[in-house]
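1. I would like to see how this sequence folds:
(2 chains)
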Protein chains: 2
Amino acid sequence: MSPELIKATYIATRPDRDPEMLAENIAREQSLELTRSLIPEPIADRLLGHILSVREVDTQHWQLEIGYPAELASDQVGQLLHLVYGNVSFYPRIRLVGMILPHSLHSALPGPMAGIPGIRAWTDVEGRALLMTVLKPRGSDPADLAQLAERFARAGGDIVKDDQNLVENDLDDFRNRINLCAQAIDNASQVTGRQCLYLPHVAGSGSHLQHQLDHVARLGLGGVVMCPWVIGLETAATAAREHGLMWLAHPAVAGVFTEGSTRGIATPVLLGTLVRLAGADISIFPGSGGRITSQHVDDEGATCAALTETLGTLRPSLPCTGGGKTLELAPETARRHGPNCAVLIGGDLIGRGEALETAVQKTVAGLASAGRPVSPD
Amino acid sequence: MSPELIKATYIATRPDRDPEMLAENIAREQSLELTRSLIPEPIADRLLGHILSVREVDTQHWQLEIGYPAELASDQVGQLLHLVYGNVSFYPRIRLVGMILPHSLHSALPGPMAGIPGIRAWTDVEGRALLMTVLKPRGSDPADLAQLAERFARAGGDIVKDDQNLVENDLDDFRNRINLCAQAIDNASQVTGRQCLYLPHVAGSGSHLQHQLDHVARLGLGGVVMCPWVIGLETAATAAREHGLMWLAHPAVAGVFTEGSTRGIATPVLLGTLVRLAGADISIFPGSGGRITSQHVDDEGATCAALTETLGTLRPSLPCTGGGKTLELAPETARRHGPNCAVLIGGDLIGRGEALETAVQKTVAGLASAGRPVSPD
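-> Down below sits the predicted model:
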């Protein structure tokens, strides 16, 4: 019986050798990393990657489709990333643009603990896109950050995340800040009758990371922000799950994969499929029109789809476009992606000063009336 | 008093805006990520990144030197990576090529637990480069891998690492394989009277990763292999340190940073300085002349220097060139980099069959006679 396959699609730009040979080299490099003649036949039959197709796209580009035995992923998201893009990251001009897993692997990998249904249940928001803001800047008095959180939540905002620059090396400082913000969110709930989802940023490693997660879980908060491309994708996912917390994957550093055009991993695969397989409940990626706009803006819809479309029995992750968006853009984003997304507005909301509450109310109303002309799947 | 600064040097290729403005944007994006007018002055004074210099290199390239207050790194290697390359990874054509830390941060970051002195003490090798091999391919009977380890060690090889594809999701399978290889290395020690350093590969996350490290530490082995660009750089470093183990940083996936020319992070910074600050005792990077050759081969010497030159009170990490090198190249590498390096030979050694022992002896002799015409620092 043939082994179940992970199908990986690469684009080779100006291949440095015969494209068939390049595809064979990648298949071997990424699976068993050994000269073909030194691989015993029974091992090759079971574990060697092989070419599924090689196709000229145009004079500059070739599409290489490789099949890897699913066993090589070891039911670990980290090993899956390693398998499809480990050593080949050093090859000239190879970009991973597609990845299809067998259903057995969908079942074996965690996926989101809560995902969109869990976030909707927490925030009590149905049928519209969600509005998220961010607490910043670092260096602020924690009471000021808490006040910002409370004003946003009282005005009807849905999700508050910490800026990923908010990092304390002292646990007492961390606990003090989180306590104040959690209390502020709770104060707002007493008024609004619904829960805003507050996601503190946790960072670092080892016992320091564990202590932060312990504290967040003990406060009864719903989840955290982590930077998986700093602390490790599977590391982040497991840390959240071990504490029963949802988590938002912030894309810091991920641009090194997604941007550029001749190497790396396309956004729908990296910040869509891989982040969802790992179990992020929310995935932020740069959308169009803000301070940070991906050079691959056309990938925005495909990334939303990768996060929300049917994928084995995995729950959908909430796509969130960020990168310096303005309030005015929020309804248009919801029109484009449908209700199953969140829009992150940071600086533009903070800049409203006294008019913050009005701006939140107006934007939430705009999201509600944006309807759903385009379904994300 | 001005805050202590982390100095980061970027190359902007065909800047998409006025270079001075671009530099100011990066300084703000990476430090406080907020519109300038919304940052209160006391916070800006303490924490805002700022331009140190902007210089035209040629018609295509500008060098931007930014100073970030050292406090922003929070004494964490992960946060340091985030600070110098988090959101800017999404900017068009920005490459980090240099990073200088204040001495206070050198003292606060861990650095290698053992480094070159510890590896030399373990293996009892002085005054010459070390020879390393790799156990592969995945799918082999563990007894065959153990036999390969024993033959290499008996012949006088210095370091045996697991292939980074060797991953078990079942702990019993992991323990069984490691036990056999550790016993094989021990058998060889009885004959040679010296210790070969055996580094099992550990992977995954959470308690699964911890159990693997526990087992390796309990066996009294000296260290492990980890893939920091899969499991997280600081995550890997802390996991090893918490178990009192040395570790080798395998560069899988890191090519997405180092290769290409207009974005990412240059090899000497990524696989040199950052990996050393995090505390890797050995850092593998692709050298010239093998199956995998970096497009920036000129960085090889600078990477060795970043790993070994004086850096606060941090111990030096052992540079190791890999990527499909042949035995014949080993002495030449040692001549180029001096004795403070290791040379990794995998397939070419396995391919020698019955002549493996002779090849190891001859290569070790070659390394010994390579002398040290070029000092790595």
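2. count of neighbours near whichever residue of the stretch 101-250 of chain A sits closest to chain B?
-> Residue nearest to chain B within the stretch 101-250 of chain A: residue A:232 (2.9 Å; Cβ to the nearest Cβ). In short, each C-beta sits where N, CA and C put it, glycine included. As a burial measure, residue A:232 scores 31 neighbours (other Cβ atoms under 10 Å in any protein chain shown).
3. then residue A:55?
-> By the criterion of other Cβ under 10 Å, residue A:55 has 11 neighbours.
4. do residue A:56 as well
-> Neighbour count of residue A:56, defined by other Cβ under 10 Å: 11.
5. circling back: what's the residue of the stretch 101-250 of chain A closest to chain B sitting at in phi/psi?
-> Torsion angles at residue A:232 (phi, psi; degrees, to the nearest 10) stand at phi 100, psi 130.
6. surely residue A:184 and residue A:146 touch.
-> Yes: the pair formed by residue A:184 and residue A:146 meets the contact definition of Cβ atoms under 8 Å, at 4.0 Å.
7. before we move on, the earlier item: so what's the residue of the stretch 101-250 of chain A closest to chain B scoring on pLDDT?
-> On the pLDDT scale, residue A:232 is placed at 98.
8. swap in residue A:329?
-> pLDDT for residue A:329: 86.
9. tell me, how many residues neighbour the closest residue to it other than its chain neighbours?
-> Once flanking residues are discounted, residue A:329 sits nearest to residue A:289: 5.2 Å by Cβ to Cβ, 6 or more residues apart in numbering or on different chains. Residue A:289 has 16 neighbouring residues, counting by other Cβ under 10 Å.
10. now do the same contact list for residue A:289.
-> For residue A:289, the contacting residues are A:325, A:326, A:329, by Cβ atoms under 8 Å, 6 or more residues apart in numbering or on different chains.
11. domain parsing for chain A?
-> Using automatic domain parsing, the domains assigned to chain A come out as A:5-108, A:115-369.
12. buried residues in stretch A:21-36?
-> Buried residues in stretch A:21-36, defined by neighbour count with 16 or more other Cβ atoms under 10 Å in any protein chain shown: A:22-35.
13. near chain B at all, that stretch?
-> Yes: using Cβ under 8 Å from any Cβ of the partner chain, a contact is recorded between stretch A:21-36 and chain B, made by A:29, A:31, A:32, A:33, A:34, A:35.
14. max pairwise distance over these: which two?
-> A:31 and A:35 (13.0 Å; Cβ to Cβ).
15. need the distance between the two termini of stretch A:218-238.
-> Start and end residues of stretch A:218-238 are separated by 18 Å (Cα to Cα, to the nearest Å).
16. low-confidence ranges, chain A, go.
-> Counting by pLDDT under 70, chain A has low-confidence residues at A:1, A:371-377.
17. what residue is smack in the middle of it?
-> Closest to where the C-alpha atoms of chain A average out (Cα atoms, centre = their mean) is residue A:283, at 3.0 Å.
18. please report how far that one lies from chain B.
-> To chain B, residue A:283 is 14 Å away according to Cβ to the nearest Cβ, to the nearest Å.
19. contacts for the helix or strand that residue falls within, please.
-> Residue A:283 is located in strand A:282-286, with elements delineated by DSSP states H and E. Applying Cβ under 8 Å, 6+ apart, the contact partners of strand A:282-286 are A:119, A:159, A:246-251, A:254-255, A:258, A:267, A:271-272, A:275-276, A:292-294, A:300, A:303, A:307, A:317-323, A:342, A:344, B:90.
20. residue A:356 sits in which helix or strand?
-> Using DSSP H and E, residue A:356 sits in helix A:356-369.
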